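A.B. asks: give me coordinates for this.
(chains A and B)
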Amino acid sequence: KAGVTQTPRYLIKTRGQQVTLSCSPISGHRSVSWYQQTPGQGLQFLFEYFSETQRNKGNFPGRFSGRQFSNSRSEMNVSTLELGDSALYLCASSLDPAGLYEQYFGPGTRLTVT
Amino acid sequence: GDSVTQMEGPVTLSEEAFLTINCTYTATGYPSLFWYVQYPGEGLQLLLKATKADDKGSNKGFEATYRKETTSFHLEKGSVQVSDSAVYFCALSLNTGGFKTIFGAGTRLFVKA
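C.D. replies: Residues are numbered from 1 along each chain as shown, chains lettered A, B, ... in the order given. As a prediction, the model looks like this:
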């Protein structure tokens, strides 16, 4: 079974631009979560989608948004990029909609904002 | 708010030493608890989990017990190997209509031969 895939793996953008990251979950997994990982803040929860609905959101500004498609693939978008948005963005999928069991993580997209 | 606190690293041990990484949590409701591990150059992967009080999760010689009375989920291994060198993350997951997972800051472990 293929794992969680994320594209692109690396991205360099300039301040003020916007970016879209993509995540394909494991087949059959309907829950997708996004996280931001930085050396200073660690792993922080961005949002969680299930059946195309955002069910939970972390404490991030409105510049961070996401969506999920009917095939469970998900995208996240960051508008008006800031230097502080440089991070590893991780996507995780789960079979269990209640979050009681494990999440499977993708390799991440490393975003550098210059 | 909901949070996870784990001991700061790095932790440096000799091979075959005993490992403990402390983890405590604050949560409204009844979370599931997890330890995830990130090996050098690899993605985050689940090490073990416990979904209710007094459950013990175990995998690859690692163990952790869900202690509701002390709100803790400490990770232990009796004899570490060089291959255990990695970053370990304690996490909780809460169902609040959707679910969210909160991670600790991570503890880097170095094991010397």
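A.B. asks: leaving out the residues flanking it, which one is nearest to residue 96?
C.D. replies: Went with chain A since none was named. What sits nearest to A:D96 in space, not counting adjacent residues and going by C-beta to C-beta, 6 or more residues apart in numbering or on different chains, is A:S31, at 7.2 Å. The way it works is simple: take the backbone N, C-alpha and C, and place the C-beta from them, glycine included.
A.B. asks: please go with chain B instead
C.D. replies: Nearest non-adjacent residue to B:T96 (C-beta to C-beta, 6+ apart): A:N56, at 6.3 Å.
A.B. asks: ok, the residue of chain B most remote from its centre to A:Q44 distance?
C.D. replies: Ranked by distance from the centre of chain B (C-alpha atoms, centre = their mean), the top residue is B:G97, with 24.8 Å. Relative to A:Q44, B:G97 is positioned 20 Å away (C-beta to C-beta, to the nearest Å).
A.B. asks: swap in A:H29?
C.D. replies: When A:H29 is compared with A:Q44 (using C-beta to C-beta), they lie 21 Å apart.
A.B. asks: between those two, which has more neighbouring residues?
C.D. replies: More crowded of A:H29 and A:Q44, by other C-beta atoms under 10 Å in any protein chain shown: A:H29, with 19 against 16.
A.B. asks: tell me who's in contact with the more buried one.
C.D. replies: Residues in contact with A:H29 (C-beta atoms under 8 Å, 6 or more residues apart in numbering or on different chains) are A:72, A:93-95, A:104.
A.B. asks: let's see that with 6 Å instead.
C.D. replies: With contact taken as C-beta atoms under 6 Å, 6 or more residues apart in numbering or on different chains, A:H29 is in contact with A:93-95.
A.B. asks: same question, B:E15
C.D. replies: Shown in contact with B:E15 (C-beta under 6 Å, 6+ apart): B:82, B:111, B:113.
A.B. asks: ok, of the residues you listed, which come out buried?
C.D. replies: Buried residues within the contacts of B:E15, counting neighbours by 16 or more other C-beta atoms under 10 Å in any protein chain shown: B:V111.
A.B. asks: include pLDDT and distance to B:S58 when you put the contacts of B:E15 into CSV, please.
C.D. replies: As requested, the contacts of B:E15 are exported to CSV (pLDDT from 0 to 100; distance: C-beta to C-beta, whole Å):
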residue, pLDDT, distance to B:S58
B:V82, 97, 21
B:V111, 97, 19
B:A113, 95, 25
